[in-house]
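Asks: here's a sequence, model it:
(2 chains)
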Amino acid sequence: AQKVTQAQTEISVVEKEDVTLDCVYETRDTTYYLFWYKQPPSGELVFLIRRNSFDEQNEISGRYSWNFQKSTSSFNFTITASQVVDSAVYFCALSVPGYNFNKFYFGSGTKLNVKP
Amino acid sequence: NAGVTQTPKFRVLKTGQSMTLLCAQDMNHEYMYWYRQDPGMGLRLIHYSVGEGTTAKGEVPDGYNVSRLKKQNFLLGLESAAPSQTSVYFCATSGRGGTSTDTQYFGPGTRLTVL
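Replies: Here you go, the predicted structure:
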């Protein structure tokens, strides 16, 4: 069975602090994809990153970085020097091959509050 | 290039009324999806389509119907709305599954309230 767990329901930080959002996944498939999406207060879902199961390299994009560790089945997301605009709900998702499409499994989301 | 659009953005229905939500995409993607988002439950797949003229059930299909008559459009219908269908509905699209174009891209959402 596939599952994504985001244990942190809500996190509050003060601007300029670093914050890490945790994501733990479960799957027996050897081929899979991991994603992070951002949902700002305006409501849309914005794609941030995709990672496939064969690429464990960490990735950095500006203030955002992602740490993928297959040994612990984790795909954590770190925001460095957080800003008020980072306030949003962040979803981690797992996609595995299906019969005719890759089904997505979403975590329940982590709400990040960045206070000025 | 609008990406994925949804119509309407907001709607209030009375119990028993019907309505159709429209999703349109200009990304030339084969796959389209309808999700509902409820507090604390993440996103749950209602129905999906792997190409024009095809549809299939997701996790929570009861009370909904869908149609994909054109590649670029995916319609979600509620025949007899119930308060339990109060939710935010998202449409998403992706290229062929299993390839590097697997990312799902989402529309802006439709907030539906059923009284």
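Asks: check the burial of B:Lys9 by counting its neighbours.
Replies: 12 (other Cβ atoms under 10 Å in any protein chain shown). (Glycine included, C-beta is placed from N, CA and C.)
Asks: please report how far it lies from chain A.
Replies: 9 Å (Cβ to the nearest Cβ, to the nearest Å).
Asks: what is the burial count for the residue nearest to that residue when sequence neighbours are not counted?
Replies: Leaving aside its chain neighbours, B:Lys9 sits nearest to B:Thr110 (6.2 Å; criterion: Cβ to Cβ, 6 or more residues apart in numbering or on different chains). Applying other Cβ under 10 Å, we find 24 residues neighbouring B:Thr110.
Asks: over to A:Arg51?
Replies: By other Cβ under 10 Å, the residues close to A:Arg51 number 18.
Asks: so which strand or helix has the residue most central in space within chain B?
Replies: Nearest to the geometric centre of chain B sits B:Trp34, at 2.6 Å (Cα atoms, centre = their mean). Assigned by DSSP states H and E, B:Trp34 belongs to strand B:31-37.
Asks: run through who's touching that strand.
Replies: A:101, B:21, B:23, B:25, B:43-51, B:58, B:60, B:64, B:66, B:68, B:74, B:76, B:85, B:87-97, B:104, B:109 (Cβ atoms under 8 Å, 6 or more residues apart in numbering or on different chains).
Asks: quick check: PyMOL command selecting the buried ones in those.
Replies: Here is the PyMOL selection string for the buried members of the contacts of strand B:31-37, based on 16 or more other Cβ atoms under 10 Å in any protein chain shown:
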select buried, (chain A and resi 101) or (chain B and resi 21+23+25+43+45+46+47+48+49+50+58+60+64+66+68+74+76+85+87+88+89+90+91+92+93+94+95+96+97+104+109)
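Asks: which residues does the residue nearest to the centre of chain B form beta bridges with?
Replies: Legend: beta-bridge partners of B:Trp34 under DSSP bridges are B:His47, B:Cys91.
Asks: just the strands from chain B, written as ranges.
Replies: B:4-7, B:10-13, B:19-25, B:31-37, B:43-49, B:56-57, B:64-67, B:73-78, B:87-94, B:105-106, B:110-114 (DSSP state E).
Asks: show me what the first one is packed up against.
Replies: Yep, that's strand B:4-7 we're talking about. In this structure, strand B:4-7 packs against strand B:19-25, strand B:87-94, with contacts taken as 3 or more Cβ pairs under 8 Å, 6 or more residues apart in numbering or on different chains; DSSP states H and E.
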